[in-house]
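Asks: Build me a model from this:
(one chain, ligands or ions: 1)
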Amino acid sequence: MVSGGRGILAADESPRTMSRRLEGVGVEPTEEHRRAYRELLVAGEGLAGRISGVILCDETLRQQLADGRPFPRALADAGLQTGIKVDTGTVALDGPDDGETLTEGLDGLAERVAEYVALGATFAKWRAVLHLGAGRPSVRALDANAEALARYARVCQDGGLVPIVEPEVLSAGGHRLEVCAAGTARTLATLGRALEAAGVDPAAMVLKPNMVTSGEGSRQPADPYEVARATVDTLRATMRPELAGVAFLSGGQSSETAAANLAAIRRRGGPWPLTFSFGRALVSSALAAWAGDPARVDAGRSALRREIDRNVPAA
Ligand code: 13P
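Replies: Predicted coordinates:
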């Protein structure tokens, strides 16, 4: 999934989030428009050498391309693996004003995993969200989310899906890089202990962390060298060397910044393959180029290809 510089395309926004993104480019948020947009993303030529798989949400996994093939089948035909987002989203951890969240989705997970395997999925994703600042992330948020991620990963491994384990420390705020580094280190250390306690095989999972950056509102953004040093050092200090790979999320960084940071992270290197599993940094320009116009599908595909190429090292 992560070999040879190949990455993973995250196209698993929930119907609600996807509808918001469609409205953002003036497209009516219907189920058919969500389907057509995902077909644009996955049905182009030549993705297979650059990405290994695509993460879908439940809705897309059950939809079909215009030619009648279900999405997992079309992906397999193109040499790509199908991933499925299996968490059901976040709820407030301690009530509506709390500001911290817990990601849910463990109910009936083993049964859903079995169904997704039957539908053609080979890997899964679960995203936990941690907030920085004013005592956050709290020990309670760290423990609860790590516990759920570990349980999810174990259920997936037992059921035949490779889990992508995503603990995202959000970049909101004007903080310095050191604040993100400390919050990310606590998050990953807690997660590492939970994975071990749950008996998760590190060699059969992919970690999907945030890069360690300064806050998105920072006046002096950290440069790629600083980001790479802090990111790799934090990962080395907290994660087992046996991990199958690390595939970063883009977390709202511009395409250019995410690619520059990833290149620097790869230069610094680690004991694991280091690659991308970006959502927005890969698809935002494709969505804008298409904007719902069937005549602009090729323009959308070219934009996606450009963003993917930016992140795949020259052979
Ligand atoms: P971004 O790259 O847009 O952060 O999305 C990645 C992802 O899969 C979020 O769960």
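
Asks: hey, let's count contacts and neighbours off CA atoms from now on
Replies: Will do.

Asks: could you show me where the strands are in the stretch 51-200 of the chain, in order?
Replies: For the stretch 51-200 of the chain, the strands defined by DSSP state E, counting those that start in this stretch occupy 51-56, 81-85, 89-92, 101-104, 123-130, 162-169.

Asks: So which bits of the third one are buried?
Replies: The neighbour-count check on strand 89-92 (16 or more other Cα atoms under 10 Å) flags Gly89 as buried.

Asks: which strands and helices sit next to that strand?
Replies: Helices and strands touching strand 89-92, by 3 or more Cα pairs under 8 Å, 6 or more residues apart in numbering; DSSP states H and E, are strand 101-104.

Asks: Name the nearest residue to Gln63, ignoring sequence neighbours.
Replies: Spatial nearest neighbour of Gln63, chain neighbours left out: Pro70 (5.8 Å); criterion: Cα to Cα, 6 or more residues apart in numbering.

Asks: Specify the beta-bridge partners of that neighbour.
Replies: Taking DSSP bridges as the rule, Pro70 bridges to Gln64.

Asks: What count of nearby residues applies to it?
Replies: Residues near Pro70, counting by other Cα atoms under 10 Å, number 17.

Asks: Check it and give its pLDDT.
Replies: Pro70 is assigned 98 on the pLDDT scale.

Asks: Now do the same contact list for it.
Replies: 61-64 (Cα atoms under 8 Å, 6 or more residues apart in numbering).

Asks: still on that earlier bit, can you lay out the strands of the stretch 51-200 of the chain as JSON lines showing distance to the ligand and mean pLDDT?
Replies: As requested, these are arranged in JSON lines below (distance: least, Cα to the nearest ligand atom, whole Å; pLDDT from 0 to 100):
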{"stretch": "strand 51-56", "distance to the ligand": "8", "mean pLDDT": "98"}
{"stretch": "strand 81-85", "distance to the ligand": "9", "mean pLDDT": "98"}
{"stretch": "strand 89-92", "distance to the ligand": "10", "mean pLDDT": "95"}
{"stretch": "strand 101-104", "distance to the ligand": "12", "mean pLDDT": "97"}
{"stretch": "strand 123-130", "distance to the ligand": "6", "mean pLDDT": "98"}
{"stretch": "strand 162-169", "distance to the ligand": "7", "mean pLDDT": "98"}
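
Asks: between these, which one is nearest to Glu45?
Replies: Ranking the strands of the stretch 51-200 of the chain by proximity to Glu45 (Cα to Cα) places strand 51-56 first, at 11.8 Å.

Asks: ok, residues contacting that closest one?
Replies: Under Cα under 8 Å, 6+ apart, the answer for strand 51-56 is 1-2, 6-13, 42, 75, 79-85, 124-125, 308.

Asks: make it 7 Å
Replies: 1, 6-12, 80-85 (Cα atoms under 7 Å, 6 or more residues apart in numbering).

Asks: before we move on, what about stretch 184-197?
Replies: With Cα under 7 Å, 6+ apart as the test, stretch 184-197 has contacts from 142-143, 146-147, 150, 169, 234, 238-239.

Asks: List the buried residues of it.
Replies: For stretch 184-197, burial by neighbour count (16+ other Cα under 10 Å) applies to 184-195.

Asks: what does stretch 93-106 give?
Replies: Quick answer for stretch 93-106 (16+ other Cα under 10 Å): 93, 100-104, 106.

Asks: Quick one: the strands of the stretch 51-200 of the chain as CSV, columns for distance to Ala203 too.
Replies: Output for the strands of the stretch 51-200 of the chain, formatted as CSV (distance: least, Cα to Cα, whole Å):
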stretch, distance to Ala203
strand 51-56, 17
strand 81-85, 18
strand 89-92, 26
strand 101-104, 24
strand 123-130, 14
strand 162-169, 10
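
Asks: Let me see the contact set for the closest residue to Ser19 other than its chain neighbours.
Replies: Spatial nearest neighbour of Ser19, chain neighbours left out: Pro29 (4.6 Å); criterion: Cα to Cα, 6+ apart. By Cα under 7 Å, 6+ apart, the residues touching Pro29 are 19, 22-23.
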